[in-house]
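A.B. asks: Test case, fold it:
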Amino acid sequence: MDLARYVVDAVVLEGRSYREVAAAHGVSKSYVGKLMGRFRDGGYEAIAPRSRAPGHVPHRTPDATEDAIVALRKELGDRGLDAGALTIHYHLSLTGEQVPSVSTIWRVLRRRGFVIPQPHKRPRSSWVRFEAQLPNECWQSDVTHWRLADGIEVEIVNFIDDHSRLAVASHVLARATAPAVLRVFQAAAATWGFPAALLTDNGCVYTTWHRGGPNVMQTELLALGIDYRHSRPYHPQTCGKVERFHQTMKAFLAKQDPATSIAVLQTQVDRFVEYYNEVRAPPCLRQTATADRVRCPGQGAT
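C.D. replies: Next up is the predicted model:
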């Protein structure tokens, strides 16, 4: 039984005075009087606890806007595309209507049950971020695995720009070797210009210093004057941007019909890269990456 019911019963059933009841329960005499007035007007229902939530929140996101956010979230997710708050904000901005902020979209997704906060995780503010200041200042590269419809495993080599996140190359290989990865790198450079630096893990397709000497990839980078950087062993966070690209790409491929050949898979990858570069990425990053290319000393885009 709540305090209000105790106070009313003490006055009505026990016949105690307002002053006595107030002293016994540690409340003011005026509080007892207000409760008794509400009780006489409406009985016990009138003294039930009342919600303090406002009846109207003037700045709350309209239901129609929330429904549009949720519908877009489901649509992008069904297509295997990134469906985060930033991506949803960009797609909504294409409608020409007033769009809520990215943080508001995130709160809507959380309120509707699409985002579950995980406070046990390390907060993002505690991470030290490393990001190139200009396009073509540094590329990241890594190789990931995928299976065709018949179960045969193939490899996909990806190169992305560290500053703009632009996918400069994504190529399917039967087996990723140093010469094959080098050819993918050279083809990407023919379109986007050579980067000033390349960041990779310690895979043998990129470096063989630990085996006694450089491979063809390292030899070419040295000849071009490109700074080669590699992550610490067992520390994939250093190449986190290309690792995240792998994850986004695989989510898309998982929603497609299983590829029956490398050519079919390459078509699917090309379709994803086109969406990733031209639709998904925020306009500022696309414009920066395509219109403000940086050339290395003595090198130029072809």
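A.B. asks: now residue 228, what's its secondary structure?
C.D. replies: strand (DSSP: H, G, I helix; E, B strand; the rest coil).
A.B. asks: Okay, and the beta partners of it?
C.D. replies: Judged by DSSP bridges, the bridge partners of residue 228 are residue 198.
A.B. asks: Could you give the number of residues near it?
C.D. replies: Residue 228: 17 surrounding residues under other Cβ atoms under 10 Å. Quick note: C-beta positions are derived from backbone N, CA and C, even for glycine.
A.B. asks: Which pLDDT does the model give it?
C.D. replies: Residue 228 carries a pLDDT value of 89.
A.B. asks: separation between it and residue 189?
C.D. replies: In this view, residue 228 and residue 189 are 14 Å apart by Cβ to Cβ, to the nearest Å.
A.B. asks: what does residue 114 give?
C.D. replies: 40 Å.
A.B. asks: Could you do residue 19 as well?
C.D. replies: Residue 19 is 89 Å from residue 189, where distance means Cβ to Cβ.
A.B. asks: Do a quick rundown of the strands in the stretch 101-250 of the chain.
C.D. replies: For the stretch 101-250 of the chain, the strands defined by DSSP state E, counting those that start in this stretch cover 139-147, 153-161, 167-173, 197-200, 227-230.
A.B. asks: one step back: more neighbours: which of residue 114 and residue 189?
C.D. replies: residue 189 (22 against 16).
A.B. asks: From the chain's centroid, how far away is the helix or strand harbouring residue 68?
C.D. replies: Per DSSP states H and E, residue 68 falls inside helix 63-78. Offset of helix 63-78 from its chain centre (Cα atoms, centre = their mean, to the nearest Å): 16 Å.
A.B. asks: same question, stretch 267-285
C.D. replies: 15 Å.
A.B. asks: so where is the stretch 201-302 of the chain shaky, pLDDT-wise?
C.D. replies: For the stretch 201-302 of the chain, residues meeting the criterion pLDDT under 70 lie at 210-212, 232-238, 281-302.
A.B. asks: Over to the residue most central in space within the chain: give its phi and psi.
C.D. replies: In the chain, the residue lying closest to the centroid (Cα atoms, centre = their mean) is residue 84, at 5.1 Å. Per-residue torsions, residue 84: phi -80, psi 170 (degrees, to the nearest 10).
A.B. asks: okay, it: pLDDT?
C.D. replies: We have a pLDDT of 85 for residue 84.
A.B. asks: Can you tell me how far it is from residue 141?
C.D. replies: Separation of residue 84 from residue 141 (Cβ to Cβ) stands at 24 Å.
A.B. asks: And for residue 30?
C.D. replies: According to Cβ to Cβ, residue 30 and residue 141 sit 74 Å apart.
A.B. asks: same check, this time on residue 22
C.D. replies: In terms of Cβ to Cβ, residue 22 sits 76 Å off from residue 141.
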